[in-house]
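In: I'll drop the sequence and a predicted model, then ask my questions.
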Amino acid sequence: MSELFVGREEDFEEQDRRLIVQDGLEIGVFRVNGAFYAYQNQCAHRGGPVCQGKILNKVEEVLNEDKTSRGLQFSKEHLHIICPWHGFEYDLRDGVNAGNRRLHLKKYEVEVRKGGVYVLI
């Protein structure tokens with residue numbers, strides 16, 4: 001197993017991302033609620049550059065007690081990355097697709113040591 005240096009922890013703002021390339025492998029590194037997550041920059045749907053997509057809060061439907069809709073709202077807990085090719089959404093914390101839990105991004109471990117952020121590949 002090898003590791004790639006991504007940058008200094010202090011250089012990442014909240015909901016920030018970096019794209020790193022090593023020998024043709026592209027990996028997106030994200031900071032969400034102070035934690036770091038890394039995924040291969042390849043959508044599980046058609047291989048699009050998912051890590052370059054928009055980052056938005058998940059859209060949730062609010063229901064009344066009788067299960068009728070009160071409308072939509074943005075989640076305060078779940079942040080998604082949206083593939084720019086076809087709009088497939090993935091939770092940034094686990095890489096799982098919002099519409100089909102069998103689809104997921106290839107995840108890499110991230111370590112923070114002495115202020116440095118490293119991806120283990």
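Out: The structure has been received and is ready for your questions.

In: For the spatially closest residue to residue 109 that is not a sequence neighbour, list each beta-bridge partner.
Out: Nearest residue to residue 109, sequence neighbours excluded (Cβ to Cβ, 6 or more residues apart in numbering): residue 120, at 4.4 Å. C-beta: built from backbone N, CA, C; applies to glycine. Residue 120 has these beta-bridge partners by DSSP bridges: residue 3, residue 109.

In: mind exporting stretch 6-19 as PDB, just the C-alpha atoms?
Out: Provided in PDB are the C-alpha atoms of stretch 6-19 (Å, rounded to 0.1, in the frame of the first residue of the first chain):
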ATOM      1  CA  VAL A   6      -2.900  15.800  -0.700                       C
ATOM      2  CA  GLY A   7      -2.000  18.900   1.200                       C
ATOM      3  CA  ARG A   8      -2.000  20.500   4.700                       C
ATOM      4  CA  GLU A   9      -5.200  20.100   6.800                       C
ATOM      5  CA  GLU A  10      -5.300  23.800   7.400                       C
ATOM      6  CA  ASP A  11      -5.500  24.500   3.700                       C
ATOM      7  CA  PHE A  12      -8.900  22.700   3.400                       C
ATOM      8  CA  GLU A  13     -12.000  24.700   4.200                       C
ATOM      9  CA  GLU A  14     -15.300  23.100   5.100                       C
ATOM     10  CA  GLN A  15     -16.800  21.400   2.000                       C
ATOM     11  CA  ASP A  16     -13.600  21.900   0.100                       C
ATOM     12  CA  ARG A  17     -12.200  19.400  -2.400                       C
ATOM     13  CA  ARG A  18      -9.000  18.600  -4.100                       C
ATOM     14  CA  LEU A  19      -8.500  16.400  -7.200                       C
END
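
In: could you give me the average pLDDT of it?
Out: Averaged over stretch 6-19, pLDDT sits at 95.

In: Now do stretch 70-90: distance to the chain's middle.
Out: In terms of Cα atoms, centre = their mean, to the nearest Å, the centre of stretch 70-90 is set 11 Å apart from its chain centre.

In: Could you pull up the mean pLDDT of it?
Out: Throughout stretch 70-90, pLDDT has a mean value of 93.
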